[in-house]
Structures are given as C-alpha cells and as structure tokens.
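*Asks:* My questions concern the predicted model and sequence given below.
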Amino acid sequence: MSFVIWLTGPSGAGKTTLAMALAEKLQEMGCQAEVLDGDGIRSRLYPDLGFSKQEREMHNRVVTEMAKLLAKNGVITIVSVIAPYRAWREYARKEIGSFVEVYLRCPLEVRIERDPKGLYAKALKGEVKELTGLDGEYEEPESPELILDTDRMSVEEEVEEVLKKIKDLGLLDQITQKSGVV
Ligand SMILES: Nc1ncnc2c1ncn2[C@@H]1O[C@H](COP(=O)(O)OS(=O)(=O)O)[C@@H](OP(=O)(O)O)[C@H]1O
Ligand SMILES: Nc1ncnc2c1ncn2[C@@H]1O[C@H](COP(=O)(O)OP(=O)(O)O)[C@@H](O)[C@H]1O
C-alpha cells in the first residue's frame, strides 16, 4: 500500500509542473511514482468531455479510482487535477485513505501572466467560459496537509517541501523500507 499526493489549485497554479518534477525526483530516489494529470487523462480518455459541474465530477471520480488502484499496488501516485470542490477532494481522501492534499496557491495576476496554454487570454476575451480561478468556481482547501505559494517559491523548493511533508508523515519510510530502496 502506497499513498496519493493530490495537487489541487486553479489553472496555471503549477500543478502539472510540480507533479512532473516530483515524480522525477521520487523515481531518482528509487521509488515507483506515477502522475495522473487531469488534462492528460481528459485528452487520452475523453477528449470531448466538457467542464460542467457534472462532467468535472465524473472525471474526478475516475481519477480517484485510478489513484486508489495505483496506490493500493505500491505506486506513489501524484494527482494533478483542479478538483474545484472540497466535497470531491474529501471523497477522494475517504476512498483512498493515505492522502496528502497539497494546495498550490497563486494570485490571479501571476496566473494571468504565466498563462502557459493561453486560456486566461481566451477567457478574458469571452472565448472560454467558467475558467477555474477566473469566472469558474474554486473552493480553497480548508485544512490541506500543505500549502505552497507558487509565486514565491521555485519548483525545486516546492519538491523539497513535499518530500519533507511526506517524510514527516512517515509515508516515505514505509515505502522505502518495504521495497528496500534507500
Ligand atoms: N473552463 C475551464 N476550467 C478549467 N480548466 C479548463 C477549462 N477549459 C479548459 N481547461 C483545461 O482543462 C484542464 C483542467 O482539467 P482538470 O481535469 O484538472 O479539471 S477539473 O478537475 O475537471 O475541474 C486545465 O488544465 P490546467 O491549466 O493544468 O489546470 C485546462 O488546461
Ligand atoms: N514555482 C513554480 N511552480 C510551478 N510552476 C511555475 C513556478 N514558477 C513558474 N511556473 C510556471 O507556471 C506555469 C504553470 O503551469 P502548469 O504547471 O501547467 O499549471 P497547472 O497545471 O496548475 O495549470 C508553467 O509555465 C511553469 O513553468
């Protein structure tokens, strides 16, 4: 049994970037780690799925199930999905059990400046509706295991903070002792 690191935050907060860096670091350390990225899963499994509340909820349930199965089979699973509602993240926590919620916080003006996919520009012109973090709803986590202010930290610092947290929670020791990695 492994655990899930669930990265949540609005579009452009840095979820995908951190997920990839974290997986690389854990793999270098000899751990089995996989990323479940919201955008990636959507484009591979159901590219036509939209962003209504109902569609997002179905997608979040799929991701929860995938993460649960991976973690159950010993893989450290890093989820990078907006998951805009608290109730859905609580559902994931309950289903998965060993769950580390990390909130990537970043002010709107920085997200607009970053805009890696040009979505904020489109949304500001009215071409994208209900962009999470602009006119789309996002319920901030109330008591996540960790908050990272991604406008004030480097990606490397974020990776170190997450590693420190999972070590403090005793999660990394369980994995490394069982698999014999150091
Ligand atoms: N309206 C709207 N709102 C939010 N996101 C949008 C939207 N339209 C497209 N996109 C793109 O879809 C990515 C978010 O997918 P997720 O699966 O993480 O979101 S959710 O949990 O279903 O809300 C999101 O990726 P990130 O920017 O990495 O968060 C966007 O690239
Ligand atoms: N400290 C940081 N943490 C994460 N991303 C950062 C940071 N500083 C700058 N960025 C940049 O911000 C953008 C975040 O995009 P992305 O990772 O796709 O976010 P999200 O998956 O939350 O939409 C990337 O272009 C990334 O290089």
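*Replies:* Nice, thanks for sending it over. Keep in mind it's a predicted model, so treat the numbers as computed, not measured. Ligands and ions are numbered 1, 2, ... in the order given.

*Asks:* all contacts plus neighbour counts: C-alpha atoms, from now on.
*Replies:* Noted.

*Asks:* is it true that Leu148 lies in a strand?
*Replies:* Yes. According to DSSP: H, G, I helix; E, B strand; the rest coil, Leu148 belongs to a strand.

*Asks:* Okay, and the beta partners of it?
*Replies:* Under DSSP bridges, the beta-bridge partners of Leu148 are Leu104.

*Asks:* got the contact list for it?
*Replies:* 102-105, 158 (Cα atoms under 8 Å, 6 or more residues apart in numbering).

*Asks:* Make CSV out of these and add pLDDT, distance to Ser11 and neighbour count.
*Replies:* Converted to CSV, these look like this (pLDDT from 0 to 100; distance: Cα to Cα, whole Å; neighbours: other Cα atoms under 10 Å):
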residue, pLDDT, distance to Ser11, neighbour count
Val102, 99, 15, 23
Tyr103, 98, 12, 25
Leu104, 98, 10, 24
Arg105, 98, 10, 20
Glu158, 98, 17, 20
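
*Asks:* what would those look like in CSV with distance to Leu134?
*Replies:* What follows is these, written out as CSV (distance: Cα to Cα, whole Å):
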residue, distance to Leu134
Val102, 20
Tyr103, 17
Leu104, 15
Arg105, 14
Glu158, 24
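
*Asks:* Ligand 1 contacts on the chain?
*Replies:* Proximity of the chain to ligand 1, by Cα under 6 Å from any ligand atom, involves residues 10-12, 16, 38-39, 51, 56, 60, 81-84, 129-132.

*Asks:* Of these, keep whichever come out buried.
*Replies:* Neighbour counting with 16 or more other Cα atoms under 10 Å marks 10-12, 16, 38, 56, 60, 81-84, 131-132 as buried within the residues of the chain next to ligand 1.

*Asks:* from those, which two are the most distant?
*Replies:* Gly12 and Asn60 (18.5 Å; Cα to Cα).

*Asks:* roughly how far is stretch 157-174 from the heart of the chain?
*Replies:* When C-alpha coordinates are averaged (Cα atoms, centre = their mean, to the nearest Å), stretch 157-174 and its chain have centres 15 Å apart.
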